[in-house]
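**Student:** Predicted model, plus sequence, below.
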Amino acid sequence: MMNNNLQQKDVGRHPEAVANKYTIRGMTIVILVLCIMLIGNLLGWFPFDTKLFVVATTVSVTFYGIGCLVFAKMDLKSDWVKYVLIFWVFAITTVITTTLTFHAYLVMLLPIIYCSMYSSKRVMVYAYLLTVVNILITVYVGYYYGLCDCNMVLLSGLPLSEYLDAAGNFTLTEVNDRTWWTLPLYFVLPRSVICLGFAVICSTISTIIRDNMKYMHEMESMAELDEMTGVFNRNKYLSMTSASYAHEDTVAVIFWDINGLKKTNDELGHSSGDELITSIADAIKLVSNQFDNAYRIGGDEFVMIMRGGTEMSAQRKIEEWQGELEKIQKNTKIRLSASSGYAAGPGIHLDQIIKKADQMMYENKHRFYENGEK
C-alpha cells in the first residue's frame, strides 16, 4: 500500500506530467481572460465587433472543453501527450487570432512559450511550425473574415504624415489589390522570422535554466553523499530521520557495524581499511532500491531505512546483502565482515525502531567476538 502511494507521488513529480499540467492551467487562464473580455465587450468597454468576439469565445471555449475532457483520460506522463497538447493550444490560439486579428497577435506565441517547458528540441520545432501555420491562417482568413486590420487592407508602409493632406485628411483610400502576393511577403514572412527568433531565445533560455538546475541538483547531491562510499552521509541521515519518515505507515531499519576494522588498519594499513569500508558499502548499495536509503553514519557504521519495510523484508535484505558480500569477498584477500541488526514498525515510532535495530546489531557483534572472532 505504501509503495503504491510512493509511486503515485513519483508520477506527480514526473517532468513531462508537470509540464503538461502547467500547459493546461495556462490555457485555462487564457480562456478566462477571453471570457472576461467578452463580458467587457458586451458592456461596451471594448469597441470590438461583438459578433466576432462571441464567435472567438464560443469556439475557443468549445475546443478548450473538449481538450480538458480528453486530457482527463490520458496518462500525462506519456511522451506523445505533449504533441497533442501543443496542437490543442495551436487550435485555440488560431481561432482567437483569426477572429480578433491584430488585437491578439501575441497569443500565437503561446505554443512556443509552452513548449519551452519541455526538454525536447523536436517539440520546439513542432511548435514553431504550428505557429507558422497559425500566422498563415490568421493573415489570410483574418484578412477576409476577422477584425479588420486596416494596415493589411490599405498596405501602408510609410509614416502617417505621408498619408495626410494639408488639411489633415487621410488620402490613402486604395484597397490592396495584390492580396495573394503582398500578404505572405509583408505579413506572413516577417512574422514567421520574428517567431523563429523568439523560438530560439525561448529554447536557449530553457536550456540554460535546465543546465543550472542540473548543476544545482548535482551540487546538492554531492553535499548529501559520503565521499568515500557513495551512500548518503550523516547530515542527510539526520535530516531524513527528523522530517521524512514519520508519515510512513511502516519502516524497517537495518544497522551494520564493520567487524575488525581496527585490526585491518593496524595489520594491513589504512588503505586496506578503506577497502573494507567501501566493500561493505558496495554490497549495501547493490541491494538498495528506490524505497531504501542507505547512510554512513560513522566511520564503520551504516544504516538502511526501508519505506514500507517489515521485519521479514529486512531479514531478506540482510540475506541479499550477505550474498553480494560473498561475491565481493572472492576478489579480495581482506576479510569482509559486519554485524547487523534490524527492526520495523510505524514511521511515527522511528526513534524506537532505530534503537531496537541498533541494540540487536550490538548483541550480534558481541556474540561475534565471544565466538573468538578477531
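**Tutor:** Arrived safely, thanks for sending. Numbers count the residues shown, from 1 in each chain.
**Student:** any idea which helix is longest in this structure?
**Tutor:** Among the elements of type helix in the chain, defined by DSSP state H, the one spanning the most residues is helix 189-224.
**Student:** buried stuff in it?
**Tutor:** 191-192, 195, 199, 202-203, 206, 224 (16 or more other Cβ atoms under 10 Å). C-beta: built from backbone N, CA, C; applies to glycine.
**Student:** Please name every helix or strand in contact with that helix.
**Tutor:** For helix 189-224, the helices and strands in contact under the criterion 3 or more Cβ pairs under 8 Å, 6 or more residues apart in numbering; DSSP states H and E are helix 110-115, helix 121-145, helix 234-243.
**Student:** In terms of secondary structure, what does the first one contact?
**Tutor:** Which is helix 110-115. Counting by 3+ Cβ pairs under 8 Å, 6+ apart, the elements that helix 110-115 packs against turn out to be helix 15-42, helix 81-100, helix 121-145, helix 189-224.
**Student:** can I get those helices in JSON lines with distance to Met306?
**Tutor:** Conversion of these to JSON lines gives the following (distance: least, Cβ to Cβ, whole Å):
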{"stretch": "helix 15-42", "distance to Met306": "27"}
{"stretch": "helix 81-100", "distance to Met306": "34"}
{"stretch": "helix 121-145", "distance to Met306": "38"}
{"stretch": "helix 189-224", "distance to Met306": "18"}
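**Student:** sorry, back to before: name the stretch among the helices and strands packed on helix 189-224 that sits most buried.
**Tutor:** helix 110-115 (a mean of 24; mean count of other Cβ atoms under 10 Å).
**Student:** quick one: contacts of that one?
**Tutor:** Residues lying outside helix 110-115 but in contact with it, judged by Cβ atoms under 8 Å, 6 or more residues apart in numbering, are 22-23, 26-27, 30, 82, 85-86, 89-90, 93, 123-124, 126-128, 130-131, 134, 195, 198-199, 202.
**Student:** For burial, what's the neighbour tally of Gly269?
**Tutor:** Neighbours of Gly269 under the rule other Cβ atoms under 10 Å: 11.
**Student:** Would you mind giving me the confidence score for it?
**Tutor:** Per-residue pLDDT puts Gly269 at 93.
**Student:** and it, backbone torsions?
**Tutor:** In this entry, Gly269 is assigned phi and psi values of phi 100, psi 160 (degrees, to the nearest 10).
**Student:** so where's the stretch 101-250 of the chain shaky on pLDDT?
**Tutor:** Under the criterion of pLDDT under 70, the regions of the stretch 101-250 of the chain flagged as low confidence span 218, 220-221.
**Student:** need the contact list for Trp256.
**Tutor:** Contacts of Trp256 by Cβ under 8 Å, 6+ apart are 280, 284, 301-304, 338-340, 361.
**Student:** That one is in what secondary structure piece?
**Tutor:** Here Trp256 sits within strand 251-258, counting by DSSP states H and E.
**Student:** which parts of the helix or strand immediately after that strand in the chain are buried?
**Tutor:** Stepping forward along the backbone from strand 251-258, the first helix or strand reached (DSSP H and E) is helix 261-268. Buried residues in helix 261-268, defined by neighbour count with 16+ other Cβ under 10 Å: 261, 264.
**Student:** and the next element down the chain from helix 261-268?
**Tutor:** Following helix 261-268 in sequence order, the next helix or strand is helix 270-286 (DSSP H and E).
**Student:** So for that next one, what gets flagged as buried?
**Tutor:** For helix 270-286, the buried set under the neighbour-count rule, 16+ other Cβ under 10 Å, comprises 272-273, 275-277, 279-285.
**Student:** next one: stretch 93-112
**Tutor:** Along stretch 93-112, these residues count as buried under the neighbour rule (16+ other Cβ under 10 Å): 93-101, 103-105, 107-112.
**Student:** sorry, back to before: wait, which of the helices and strands packed on helix 189-224 is closest to Tyr369?
**Tutor:** For Tyr369, the closest of the helices and strands packed on helix 189-224 is helix 234-243, at 25.3 Å, according to Cβ to Cβ.
**Student:** which other helices and strands contact that closest one?
**Tutor:** In terms of contact count using 3+ Cβ pairs under 8 Å, 6+ apart, helix 234-243 is assigned the packing partners helix 189-224, strand 292-296, strand 301-307, helix 350-370.
**Student:** Now do the third one against strand 292-296, angle only.
**Tutor:** Orientation note: strand 301-307 sits at an angle of 160 degrees relative to strand 292-296 (axes from the mean of the first three to the mean of the last three Cα atoms, to 10 degrees).
**Student:** name the helices or strands packed onto whichever strand or helix holds Glu324?
**Tutor:** When elements are assigned from DSSP H and E, Glu324 belongs to helix 311-329. Using 3+ Cβ pairs under 8 Å, 6+ apart, the elements in contact with helix 311-329 are strand 251-258, helix 270-286, strand 301-307, strand 338-345.
**Student:** pLDDT (mean, whole number) over that helix?
**Tutor:** Averaging pLDDT along helix 311-329 gives 94.
**Student:** neighbouring contacts of that helix?
**Tutor:** 252-254, 279-280, 282-284, 286-287, 292, 304, 306, 309, 335-336, 338, 340, 342-344.
**Student:** Check which residues of the host helix or strand of Val55 are buried.
**Tutor:** Element membership for Val55, per DSSP H and E: helix 50-72. For helix 50-72, the neighbour count (16+ other Cβ under 10 Å) marks 52-53, 55-57, 59-61, 63-64, 67, 71 as buried.
**Student:** Which strands and helices lie in contact with it?
**Tutor:** Of the remaining helices and strands, those touching helix 50-72 by 3+ Cβ pairs under 8 Å, 6+ apart are helix 15-42, helix 81-100.
**Student:** Let me know the closest of the buried residues of helix 270-286 to Tyr118.
**Tutor:** Lys285 (32.5 Å).
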